[in-house]
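In: mind looking at a prediction? Sequence and model below.
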Amino acid sequence: MAHWLVLGGTGFVGRALCEALSRPEHADGPRLLVPSRRPAHGQLLRMLPRVDLIETDVHDDAALAGLVAGADAVVNLVAILHGSEAAFERVHVALPRRLAAACRAAGVRRVVHVSAIGATPDAPSRYLRSKARGEAVLREAGLDLTVLRPSVIFGASDRLLNLFASLQRFAPVVPLAGASARFQPVWVGDVAEALARCLEQPGTVGRTFECTGPEEMTLADLVRAAGRYAGHERPVVPLPDALARLQARLMEWAPGEPLMSRDNLDSMRMPNIATPGVPGLPALGITASPLSAVAPGYLAPGQRCGRLDAARAVHR
């Protein structure tokens, strides 16, 4: 039986990947090793067959070397949305560099890496520029690499739609920064299936795939949809740039992870939509699910769907 190492496996996409590989169509699939500094966040993974959840720090060189040494393939899902230049460098660049070194030392060649649409060296945000540097590090390492670049990802445990649905439960209006930013939201189940197929299909080595849904929507469209499916749609008030940046700056000062940062606004200056000529989900044999087919299943009043199969039942 093959053994795959899933870095970031307790996160939103990682949990979906582990569940996807536990479905009947992947019954002959690999054993998955999921390391985490906070394994309590992934306790549901222990219920899945062939998943081993362990407590460790992937930013520790010795720990990472030990994890990679027993793997046939590695999936890297570790990422942050907010942070300083140093934080983005540590997570999006230094970790891939250390992962590449560990793979070379252990003789592990197969790596699937999740990046982001718009990741280029001259992108307007720290987030996107660091994602581009991380891709470059892995490509230069000479690995059997596949890169996935998703648009904004939605699903039963997403932060974006659930957040805006919750806000509209109480707020009479939604003052919105970046209201005209363009996305092609993609269901987390489709991203997970894309990861699984890339790992299972040698022909994906050396290629980059963009994961996008079938609908192009603005951020304002997404906010309205979240409110509508949750049963309390509120008017959206787009903020001019100056007020948007002021709002984001104030959010950065709030305790905990910010709802929006100025770097997020910079990222949204680039359309988060499919790039002409770049292969997408159809190239992997996947028909992307629209937001309207999935989101009502976990945002509708009275629904408390916390598992992918609950949302999947809505449209499969």
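Out: Thanks, I have the structure now.
In: mind listing what's buried along the helix or strand in which A248 is found?
Out: Assigned by DSSP states H and E, A248 belongs to helix 241-253. Residues of helix 241-253 classed as buried by neighbour count (16 or more other C-beta atoms under 10 Å): A244, Q247, A248, M251. Just so you know, the C-beta spots here come from the backbone N, C-alpha and C atoms, and that holds for glycine as well.
In: do the same with stretch 281-291
Out: L281, L284, I286, A288, S289, L291.
In: which of these sits closest to E200?
Out: Closest to E200 out of the buried residues of stretch 281-291 is L284 (10.1 Å), distances taken as C-beta to C-beta.
In: tell me how far that closest one lies from A225.
Out: Separation of L284 from A225 (C-beta to C-beta, to the nearest Å) stands at 26 Å.
In: now do the SS call for V78.
Out: Local secondary structure at V78 is given as coil here, using DSSP: H, G, I helix; E, B strand; the rest coil.
In: now it, nearest residue through space, not along the chain?
Out: Distances taken as C-beta to C-beta, 6 or more residues apart in numbering put G8 closest to V78, at 4.1 Å, once the chain neighbours are dropped.
In: contacting residues for the one you found?
Out: Neighbour list for G8: G14, V75, N76, L77, V78, A79 [criterion: C-beta atoms under 8 Å, 6 or more residues apart in numbering].
In: could you redo the last one with a cut-off of 6 Å?
Out: By C-beta atoms under 6 Å, 6 or more residues apart in numbering, the residues touching G8 are G14, L77, V78.
In: of the residues you listed, which is the most crowded?
Out: Scoring the contacts of G8 on neighbours with other C-beta atoms under 10 Å, the highest-scoring entry is G14 at 24 neighbours.
In: wait, is V112 part of a strand?
Out: Yes. Using three-state DSSP, the assignment for V112 is a strand.
In: from A136, how far off is A100?
Out: 11 Å.
In: so between these two, which is more surrounded?
Out: Between A100 and A136, A100 has the larger neighbour count (other C-beta under 10 Å), namely 20 against 15.
In: ok, longest helix in the chain?
Out: If you go by DSSP state H, the chain has its longest helix at helix 126-140.
In: let me know the angle separating the helix or strand that it is followed by from helix 126-140.
Out: Using DSSP H and E, the helix or strand that follows helix 126-140 in sequence is strand 144-150. For strand 144-150 against helix 126-140, the angle by axes from the mean of the first three to the mean of the last three C-alpha atoms, to 10 degrees is 160 degrees.
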